[in-house]
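*Asks:* quick one, what's the 3D model for this:
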Amino acid sequence: MMQTNDGRRTAAEAHVTQEGTLKFQGQLARKGGGAMSQEIVSYAYKTKLGNPVAKSILALLADQVGWDGFGCVDIRSIHEDAEVSERTIECHVQAFEKIGLLERGQWRDPGNRLNVTVQFSLLKLGNDLRKEFAGAFSKAQAKESPAA
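*Replies:* Residues are numbered from 1 along each chain as shown. The predicted model follows:
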């Protein structure tokens, strides 16, 4: 993956070619420019997770990123759209991170508000991740559960 001047990774030049992954070509790069990508959302829906809530959260995250899989996401809007708690969103995002489906970051804008960013692993989207996700999600839930 290449990095842009601001440190974001971009897959436009990577030309991902493995089966079940995205292929970025010049035309897709020209269409992108930071706009939401239906291609990313489509591959999110094709990703096998074995959990309909997880797929919904993944697709909602994907809808907030650009053509390169990078974007600033609004966890609150995902919580409202998926109709699940913010804690549920957090467990799912932790599991996505654990299996390498995405990386999460944070940055402060000029108004000192904390923003959450994600970078999807374009090599993982669209694949069968049921086994990996089940284990990672169980660990994330156990970590979030209050001690008895």
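*Asks:* now do the helices in the protein.
*Replies:* 26-32, 38-46, 52-62, 75-82, 86-98, 130-144 (DSSP state H).
*Asks:* which of these sits closest to residue 116?
*Replies:* Across the helices of the chain, residue 116 has its closest neighbour in helix 75-82 (6.0 Å, C-beta to C-beta). C-beta here means a position set from N, CA and C on the backbone, and glycine is covered the same way.
*Asks:* and the angle from the closest one to helix 52-62?
*Replies:* Going by axes from the mean of the first three to the mean of the last three C-alpha atoms, to 10 degrees, helix 75-82 is angled at 130 degrees with respect to helix 52-62.
*Asks:* out of the helices of the chain, deepest packed?
*Replies:* Comparing the helices of the chain by mean neighbour count (mean count of other C-beta atoms under 10 Å), helix 52-62 ranks first with a mean of 21.
*Asks:* tabulate the helices of the chain (TSV), appending distance to residue 109 and mean pLDDT.
*Replies:* Listed next are those as TSV, based on distance: least, C-beta to C-beta, whole Å; pLDDT from 0 to 100:
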stretch	distance to residue 109	mean pLDDT
helix 26-32	22	38
helix 38-46	23	92
helix 52-62	20	95
helix 75-82	15	88
helix 86-98	20	94
helix 130-144	28	92
